[in-house]
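Q: Give the three-dimensional model of this entry:
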Amino acid sequence: MPPIPFLGRLNIAEYIALVGSFLLVGLEAIIRILTLALPSTVISLCYRVSRRLFNRFTSPEEKKAGTRKKSNCYRPSLSSKLTCAAVSSSIRDASDFVDLCALYGYYAEEHVVQTGDGYLLCLHRLAWRKGEEDQKVNSGPKSVKKNVVYLHHGLLMNSEVWVCLTDEERCLPFTLVNKGYDVWFGNNRGNKYSKKSVHHSPTDLKFWDFSMDEFAFHDIPDSIHYILETTSAPSLSYIGFSQGTAQAFATLAVHPKLNDQVNVFIALAPAMSPAGLSNGIVDALVKASPQVLFLLFGRRSILSSATMWQSILYPPIFVRCIDMGLRFLFGWHARNMSTSQKLAAYPHLYSFTSTKTVVHWFQVIRTKSFQMYDDDVQPVVSLGSVSKYTKVAKFPTRNIKTPIVLVYGGSDSLVDINVMLKELPSHTIATEIPHYEHLDFLWAREVDSLVFPHVFDALESFSDAEHSKEEYDRYRSARHASMGVGMARSPLLLDHRSDDESPSYAEVVATKPGSHGNTLVLNNEGVKNGAQRYDFNNSSADASPLSPTHGRTEQIDNAQEIGNGNQVEKRTRNVRSSSIGSNLNFDGGSRGISLGAGRAVSGVVIGKTMGNITTGSDDSTESSRKKRIKR
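A: Numbers count the residues shown, from 1 in each chain. Prediction:
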């Protein structure tokens, strides 16, 4: 039976979601209008009431968890006795990027770049260590020369998300500055720092008529051009988060010459082809008709009332609302972030963007294709033959020449690594942090020990945009050493613990390499009850990520290969569910490499060789290995 025109476009669940969405958006609009009409005294009263309700229904243990002192909390110079709650409050109340950096004693610059279509974008810059403010950096022949790193934020964000952490050691930009980099931050058109155009006012519909296409064709390339022109640097390193990675994928794909100006692209929580939303009803609505968002949120900025909710809700209640929303939409539980970090960072999480940008993402989810924005109006009645004659242009991501390093979370519902690798060039390398979700790559407790080393490996290996053989050799050495470290730590996950007592990824990382013998546990994503042995052939002089090397995989059921591979110790435990050490994934249908290592390190670990992979070894390691075999 043919579908009924108009009514047959959606099923029952989608109609329920549609009606419910209109009701919720209508309720929010009413509340927002009332709030705007209320005096500040009434808003303050709402804030105090929400605080009393929170204190009444919150247990003493939960309150203590949010206010106790912690050794890793940053202490402003005004007082060294501040609690984490006070630290969170200072960061939460900071008005902008410059103030956030000033809390930690760093001097930040603001720059403005005009795009080819007339938008004025704000760029932030951190180029000086503490006490170096009077030095000239990358500004003339007598200035200090530093390598340039460019960081770009995700969807509905701005540059503040990189610097609103509760301690300095976990802040990637501050760590990069102290390592001697000239660090720049981008901002998308329409967000807090870039709501200006020479052609249109933010009140005009035309101002908000942009999607990821404009980010790829104007914002990213124009920002990079300005940075390289200002610093006189031949190239820069790009670090993106979430949509910031998608924008780089698209930009490098459509601007071939830009590949000669970006020496390495590091993608944290990469986004290209999300599978969809966790909530079934909302996901069905999104995939059925993403244009509904224009009916719900208009054609200007989306969710612009978020700032209103921040002003009337007590911060812990606001944090719980955000956590509930993330769990409802994406299935994230935010357990790797501390309460104090959420209180500090969540108020800086939202920034303005166009509804069209979100609709663009829903088109990508719906079509399962990383494509440009589809301007065609969807027909009321779907015709089976239409797809034969219409095709939206895809971003040609396989043409990217810049080295690509992906670092993604194993618990991130927005990352389908196998689909992503199929659309990326063969020199792409992916590293999994097994228990990480999306926002953990910005604010997790152990982000400095789990994520930063992988970033430093790539930055230290690739510094020349020509991507010479020497750079690839350095990167291969660092990558192999990282694999060796992960291999040496794998037995921790198998000895003396049950499946429910497996150590965290951080415990594995903290273990001294070689202290539990040279053990190789490599598994494949599709293997449920076994490991894979991988013999890596890297002896060819011409081997490089651009000319992929060859490998051989062999199935080992519930086995662990020890030492040089002459002895195999059977295990009754599921290797895949327990091992979080090294994870090398060669999917027959995928392009590229998926490498999960315990921790990235620079240089080569001297020791024994497994296949052609070098792993750490010493006398204590050898004796420890023999003892384990005897047991």
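Q: Let me see the ranges of the strands in the stretch 51-200 of the chain.
A: 109-114, 120-126, 148-152, 182-185 (DSSP state E, counting those that start in this stretch).
Q: JSON lines please, covering these and showing mean pLDDT, distance to residue 420 and mean neighbour count.
A: The C-beta positions use only the backbone N, C-alpha and C, and glycine is treated the same way. Converted to JSON lines, these look like this (pLDDT from 0 to 100; distance: least, Cβ to Cβ, whole Å; neighbours: other Cβ atoms under 10 Å):
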{"stretch": "strand 109-114", "mean pLDDT": "98", "distance to residue 420": "30", "mean neighbour count": "15"}
{"stretch": "strand 120-126", "mean pLDDT": "98", "distance to residue 420": "27", "mean neighbour count": "22"}
{"stretch": "strand 148-152", "mean pLDDT": "98", "distance to residue 420": "18", "mean neighbour count": "26"}
{"stretch": "strand 182-185", "mean pLDDT": "98", "distance to residue 420": "25", "mean neighbour count": "26"}
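Q: Go through these and name the closest to residue 368.
A: Minimum separation from residue 368 across these (Cβ to Cβ) falls at strand 148-152, 24.5 Å.
Q: I'd like to check the angle between that closest one and strand 120-126, please.
A: Orientation check (axes from the mean of the first three to the mean of the last three Cα atoms, to 10 degrees): strand 148-152 against strand 120-126 gives 130 degrees.
Q: Counting by contacts, list what strand 148-152 packs against.
A: If you count contacts as 3 or more Cβ pairs under 8 Å, 6 or more residues apart in numbering; DSSP states H and E, strand 148-152 packs onto helix 172-178, strand 182-185, helix 220-231, strand 236-241, helix 243-254.
Q: Ok, which of these comes nearest residue 374?
A: Once those are compared by Cβ to Cβ, helix 243-254 is nearest, at 14.7 Å.
Q: Give me the mean pLDDT for that closest one.
A: Taken as a whole, helix 243-254 has a mean pLDDT of 98.
Q: Remind me what the host helix or strand of residue 311 packs against, helices and strands.
A: Assigning secondary structure by DSSP states H and E places residue 311 in helix 306-312. Applying 3+ Cβ pairs under 8 Å, 6+ apart, we find helix 306-312 packed against helix 12-37, helix 40-57, helix 315-330.
Q: Okay, now stretch 105-114: how far is its last residue from its first?
A: 30 Å (Cα to Cα, to the nearest Å).
Q: outside of it, which residues touch it?
A: The contact list for stretch 105-114 (Cβ atoms under 8 Å, 6 or more residues apart in numbering) reads 77, 97-98, 101-102, 120-128, 130, 133, 174, 177, 198, 222-223, 226, 230.
Q: hmm, back to that, would you indicate which residues of the helix holding residue 311 are buried?
A: For helix 306-312, the neighbour count (16 or more other Cβ atoms under 10 Å) marks 306, 309, 310, 312 as buried.
Q: a markdown table for those, including distance to residue 340 and pLDDT?
A: Conversion of the buried residues of helix 306-312 to a markdown table gives the following (distance: Cβ to Cβ, whole Å; pLDDT from 0 to 100):
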| residue | distance to residue 340 | pLDDT |
| --- | --- | --- |
| 306 | 21 | 73 |
| 309 | 21 | 74 |
| 310 | 17 | 76 |
| 312 | 22 | 77 |
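Q: and the residues you listed, which two are the farthest apart?
A: Greatest spacing in the buried residues of helix 306-312, by Cβ to Cβ: 306 and 312 (11.6 Å).
Q: on that earlier part again, for the strands of the stretch 51-200 of the chain, which one sits closest to residue 429?
A: strand 148-152 (18.8 Å).
Q: Relative to that closest one, what are the paired strands and their orientations?
A: With DSSP bridges as the test, strand 148-152 is paired with strand 182-185 (parallel), strand 236-241 (parallel).
Q: any weak-confidence spans in the stretch 401-550 of the chain?
A: 479-550 (pLDDT under 70).
Q: mind listing the strands in it by residue range?
A: Going by DSSP E, counting those that start in this stretch, the stretch 401-550 of the chain shows strands at 404-409, 429-433, 519-520, 530-536.
Q: So which elements touch the first one?
A: In this case it means strand 404-409. Against strand 404-409 (3+ Cβ pairs under 8 Å, 6+ apart) you get strand 262-268, helix 417-422, strand 429-433, helix 440-443, helix 452-461.
Q: Report the angle between the longest one and strand 148-152.
A: Same thing as helix 452-461. Here helix 452-461 runs at an angle of 140 degrees relative to strand 148-152 (the same axes, to 10 degrees).
Q: of the buried residues of helix 306-312, closest to residue 190?
A: Taking Cβ to Cβ as the measure, residue 306 is the one of these closest to residue 190, at 14.2 Å.
Q: Give me the spatial nearest neighbour of the closest one, chain neighbours excluded.
A: The shortest distance from residue 306 to any non-neighbouring residue, by Cβ to Cβ, 6 or more residues apart in numbering, is to residue 350 (4.5 Å).
Q: and that neighbour, how many neighbours?
A: Neighbour count for residue 350, taken as other Cβ atoms under 10 Å: 20.
Q: What distance do you get for it to residue 163?
A: Going from residue 350 to residue 163 by Cβ to Cβ, to the nearest Å gives 16 Å.
Q: still on that earlier bit, between the strands of the stretch 51-200 of the chain, which one is closest to residue 463.
A: strand 148-152 (10.3 Å).
Q: outside of that closest one, which residues touch it?
A: Residues from elsewhere that reach strand 148-152, judged by Cβ under 8 Å, 6+ apart: 138, 159, 162, 172-173, 176, 181-186, 220, 223-224, 227-228, 231, 233, 235-241, 244, 247-248, 459.
Q: likewise stretch 349-362?
A: Outside of stretch 349-362, the residues within contact range by Cβ under 8 Å, 6+ apart are 155-158, 160-161, 188, 190-192, 195, 208-213, 243, 274, 286-287, 290-291, 293-294, 297-304, 306-307, 322, 373.
Q: buried subset of these?
A: So, by 16+ other Cβ under 10 Å, the buried ones in the contacts of stretch 349-362 are 155-158, 160-161, 188, 190-192, 195, 208, 210-213, 243, 274, 286-287, 290, 293, 297, 299-302, 306, 322, 373.
Q: about what we covered before: for residue 450, find the nearest of the helices and strands packed on strand 148-152.
A: Going by Cβ to Cβ, the one of these nearest residue 450 is helix 172-178, 12.1 Å.
Q: which helices and strands sit right next to the closest one?
A: Against helix 172-178 (3+ Cβ pairs under 8 Å, 6+ apart) you get strand 120-126, strand 148-152, strand 182-185, helix 452-461.
Q: make it 6 Å
A: Helices and strands touching helix 172-178, by 3 or more Cβ pairs under 6 Å, 6 or more residues apart in numbering; DSSP states H and E, are strand 182-185.
Q: Which SSE is immediately downstream of the strand it packs on?
A: On the C-terminal side of strand 182-185, the closest following helix or strand by DSSP H and E is helix 212-214.
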